[in-house]
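*Asks:* Build me a structure from this.
(one chain, ligands or ions: 1)
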Amino acid sequence: MQAKGTFSSPSLTLLPLNIPCSSSRSGSLSCYFQIKQQRKTICACVAPPLNIGSNGISKTKNNHMSKSEELHSVLEPEDDSDVLIECKDVHKSFGEKHILRGVSFKIRHGEAVGIIGPSGTGKSTILKIMAGLLTPDKGEVYIRGRKRDGLISDNEISGVRIGLVFQSAALFDSLTVRENVGFLLYESSTMPEDQISELVTETLAAVGLKGVEDRLPSELSGGMKKRVALARSIVFDASKATIEPEVLLYDEPTAGLDPIASTVVEDLIRSVHMTGEDAVGKPGKIASYVVVTHQHSTIRRAVDRLLFLHNGKVVWQGMTDEFTTSASPIVQQFASGSLDGPIKY
Ligand SMILES: Nc1ncnc2c1ncn2[C@@H]1O[C@H](COP(=O)(O)OP(=O)(O)OP(=O)(O)O)[C@@H](O)[C@H]1O
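*Replies:* You can find the predicted model right below:
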């Protein structure tokens, strides 16, 4: 299948990704993410994040938290063997704008993490840094304990795949929906074409789309394109003998969707997690995922732990159920949407 603008090298397959490039935020076919073809085979079992849960929350009496407790309200386990991605003191500037000013966190095997915070605070930027599409100016990113130098294409770090689902769909204009969703499978899987086609239809149905396989992206609404892009990110290669852990990074997956379509997407994001069967009855393949979102429904339905980014730092983290009960003024303001509070516009 020839898609305009696709390219490959012996060790990399490049997939269209929903990345709004600076040159074309609207989209199509402007960016790619890279999936390493040859990686170490590793255990696919799910290790739930250690020490994450209501017992792991440190609070003082009357639910008041000190500043240091706000930052570390989820106790970090000592054992880091299940850490898939770690950002350590990450800084990033664009020209004069110092966006990230020392961001540190870990994403563990089995976690569903949300990143929230005011607009322009650097949420998409940190996703791109995690994915290896941007490099930090200072600080490090570790993938399964190995420091990544440069961009994802610069070195061969094996053991985890990182996928990125960005805000705009960025589908291949010249390919049908079926070809877009099945792109990677048509390119690299040993599955027969009719099986890929069947799988694509099932996956599209799981995101609430039926009978659109032969349409071109230009014949879809914005919300439909978004769901096609989501289907592309979760389509499952049934021919693989082993499943390697994969971390999916979603940038505002429900932005612009109606409430019911949002629920479909939120439940889908949950269902492709390795902990259970996915929406088409196959084992979920995503070991962990990170969702950048502004939507309360997505916070409630799709994630377990939250990182709150503000002024270039993680200023609060906690479990999702704490988001609405936290005594932190910044969280209270954000949760209520109040104009009064530490966040000024
Ligand atoms: N490639 C770039 N070149 C210049 N400035 C950039 C670039 N990428 C991001 N920025 C700027 O960095 C800041 C953070 O952008 P980012 O998209 O990460 O924010 P965000 O928290 O995801 O915002 P939102 O919630 O509105 O999507 C913004 O001021 C943005 O204009």
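*Asks:* Next, residue 78: secondary structure please.
*Replies:* coil (DSSP: H, G, I helix; E, B strand; the rest coil).
*Asks:* where exactly do the helices run in the chain?
*Replies:* 67-71, 123-131, 177-181, 183-188, 193-206, 222-234, 259-271, 296-302, 329-336 (DSSP state H).
*Asks:* which non-adjacent residue is nearest residue 324?
*Replies:* Leaving aside its sequence neighbours, residue 324 sits nearest to residue 335 (Cβ to Cβ, 6 or more residues apart in numbering; 5.3 Å). No exception for glycine: its C-beta is placed from N, CA and C like everyone else's.
*Asks:* ok, that neighbour touching residue 323?
*Replies:* Yes: judged on Cβ atoms under 8 Å, residue 335 makes contact with residue 323 at a distance of 5.8 Å.
*Asks:* Burial check on the residue nearest to residue 324, number of neighbours?
*Replies:* By other Cβ atoms under 10 Å, 16 other residues sit near residue 335.
*Asks:* Tell me who's in contact with it.
*Replies:* 296, 323, 324, 326 (Cβ atoms under 8 Å, 6 or more residues apart in numbering).
*Asks:* can you tell me how far residue 324 sits from residue 254?
*Replies:* According to Cβ to Cβ, to the nearest Å, residue 324 and residue 254 sit 18 Å apart.
*Asks:* Same check on residue 302?
*Replies:* From residue 302 to residue 254 the distance is 8 Å (Cβ to Cβ).
*Asks:* hey, what's in contact with both of the two?
*Replies:* Joint contacts of residue 302 and residue 254 (Cβ under 8 Å, 6+ apart) are 266, 293.
*Asks:* which one of residue 324 and residue 254 has more residues nearby?
*Replies:* For residue 324 versus residue 254, neighbours defined as other Cβ under 10 Å are more numerous around residue 254 (26 against 13).
*Asks:* which non-adjacent residue is nearest the more buried one?
*Replies:* Closest residue to residue 254 apart from its sequence neighbours, by Cβ to Cβ, 6+ apart: residue 262 at 4.1 Å.
*Asks:* Stretch 160-179 close to the ligand?
*Replies:* No: residues of stretch 160-179 are not located near the ligand by Cβ under 6 Å from any ligand atom, the shortest gap being 7.2 Å.
*Asks:* what's the span of that stretch from first residue to last?
*Replies:* Criterion Cα to Cα, to the nearest Å; first-to-last residue distance in stretch 160-179 is 25 Å.
*Asks:* what mean pLDDT would you report for that stretch?
*Replies:* For stretch 160-179, the mean per-residue pLDDT is 84.
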